[in-house]
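S.K.: test case, fold it:
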Amino acid sequence: MPTACPSPAAWKAARRAILPILPPLSDAPPDNDPIAAEKKIREDVAGQSIGLVALSLEPSTIWLYFDNRKYHSEAEAAGRIARVLMADAPSKVEIFHIVSVYEGVFLRDFQVSRSAWE
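M.R.: Purely as a prediction, here's the structure:
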């Protein structure tokens, strides 16, 4: 006999128990200062315990290469990085390329559109 689906309230409580609580990000740098934005991104990615291999800020795109040695899932690490980029990247940046790297080998490129997340 199939089991009943949990109620929306029970589902929400279970998700809160399972999903990690992310620490709040500090204030974003000024929108017109790419050097401050890069510094802030580097600090906040390090604060998530993710190794930043390389970072390139272009007018409408950011390329971030990371080495994940903490989280069991690349997607979880990429999601944390996307959250950092949403908070810290200049508002004119629309596309985030978040590339996982292991031992110098590129594994996966997560392409995130800022407008899709906002």
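
S.K.: ok, which stretches of this protein are strands?
M.R.: 51-57, 61-67, 95-102, 105-113 (DSSP state E).

S.K.: how about the ones you listed in CSV, adding mean pLDDT and distance to residue 44?
M.R.: Where C-beta positions appear, they are placed from N, C-alpha and C, glycine not excepted. Shown next, in CSV, are the strands of the chain (pLDDT from 0 to 100; distance: least, CB to CB, whole Å):
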stretch, mean pLDDT, distance to residue 44
strand 51-57, 93, 10
strand 61-67, 94, 11
strand 95-102, 93, 13
strand 105-113, 90, 16
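
S.K.: report the distance from stretch 109-116 to the chain centre.
M.R.: 10 Å (CA atoms, centre = their mean, to the nearest Å).

S.K.: flag every buried residue along that stretch.
M.R.: Burial within stretch 109-116, assessed by neighbour count using 16 or more other CB atoms under 10 Å, is assigned to 110, 112, 114.

S.K.: go through those residues and name the one nearest residue 50.
M.R.: For those, the minimum distance to residue 50 (CB to CB) is 12.8 Å, reached by residue 110.

S.K.: could I get the contacting residues of the most centrally placed residue in the chain?
M.R.: Residue closest to the average C-alpha location in the chain (CA atoms, centre = their mean): residue 81, at 1.9 Å. Remark: with contacts taken as CB atoms under 8 Å, 6 or more residues apart in numbering, residue 81 is in contact with 45, 48, 50, 64, 66, 96, 98.

S.K.: now do the helices in this protein.
M.R.: Assigned helices in the chain, in chain order: 8-18, 34-47, 74-88, 114-117 (criterion: DSSP state H).

S.K.: averaged pLDDT, the second one. What do you get?
M.R.: Same thing as helix 34-47. The pLDDT scores in helix 34-47 average 92.

S.K.: quick one: distance of it to the chain centre.
M.R.: In terms of CA atoms, centre = their mean, the centre of helix 34-47 is set 12 Å apart from its chain centre.
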